[in-house]
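1. with the input below, show me the fold.
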Amino acid sequence: MGGPSGGRYSAMEYVRGAQSRLAEEDRRAQALDLPTPTRSALLRIAETELIDRHARTLVDMEGSGFAAVLRVVATSPAGASAAAAGGDGRDAVPVDRERIADLG
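-> Numbering: from 1, shown residues only. Next up is the predicted model:
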């Protein structure tokens, strides 16, 4: 999975793909019965590689809407706990206000 900047993915396609890869890594870590600290470290690294390194590009992508969403989440009382990625809340993701502030 390449980065979002190559024009290969829209911002949402990239995020969905990254979520899928993170879930895949989690399943793999569980299947290998990795110790919890190792599994947590592995998932943090995968998240950094898939999301953090591309966050600025995703926010700046024209038409992605991420910048507007981040502004709402950063100022919303509910923003500290989750940002709805889907209409029913099943795809809600934890939000780190410091990360959002760095991108804003």
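
2. helices of this structure, residue ranges please.
-> Applying DSSP state H to the chain gives helices spanning 11-31, 36-50, 55-60, 66-75, 97-103.

3. need the winner for burial among those.
-> Highest mean neighbour count of the helices of the chain: helix 55-60, a mean of 16 (counted as mean count of other Cβ atoms under 10 Å). Heads up, the C-betas are built off the backbone N, CA and C, glycines and all.

4. low-confidence ranges, the protein, go.
-> Low-confidence segments of the chain (pLDDT under 70): 1-9, 70-104.

5. okay, domains of it per the record?
-> Here the domain assignment for the chain is 8-54, 65-104, based on automatic domain parsing.

6. how near is residue 20 to residue 57?
-> Going from residue 20 to residue 57 by Cβ to Cβ, to the nearest Å gives 19 Å.

7. contacts only, for residue 10.
-> Shown in contact with residue 10 (Cβ atoms under 8 Å, 6 or more residues apart in numbering): 61, 64.

8. same deal with residue 66?
-> Contacts of residue 66 were listed using Cβ under 8 Å, 6+ apart, and they are 11, 58-59.

9. closest to residue 30 out of these?
-> residue 58 (27.7 Å; Cβ to Cβ).

10. doesn't residue 12 make contact with that closest one?
-> No. If you go by Cβ atoms under 8 Å, residue 58 and residue 12 don't touch, sitting 9.3 Å apart.

11. mutual contacts of those two, please.
-> Contacts common to residue 58 and residue 12, judged by Cβ under 8 Å, 6+ apart, are residue 64.

12. and the nearest residue to residue 61 once chain neighbours are set aside, how far from residue 51?
-> What sits nearest to residue 61 in space, not counting adjacent residues and going by Cβ to Cβ, 6 or more residues apart in numbering, is residue 11, at 4.6 Å. Distance of residue 11 to residue 51, computed by Cβ to Cβ: 12 Å.

13. with residue 39 instead?
-> Taken as Cβ to Cβ, the span from residue 39 to residue 51 is 18 Å.
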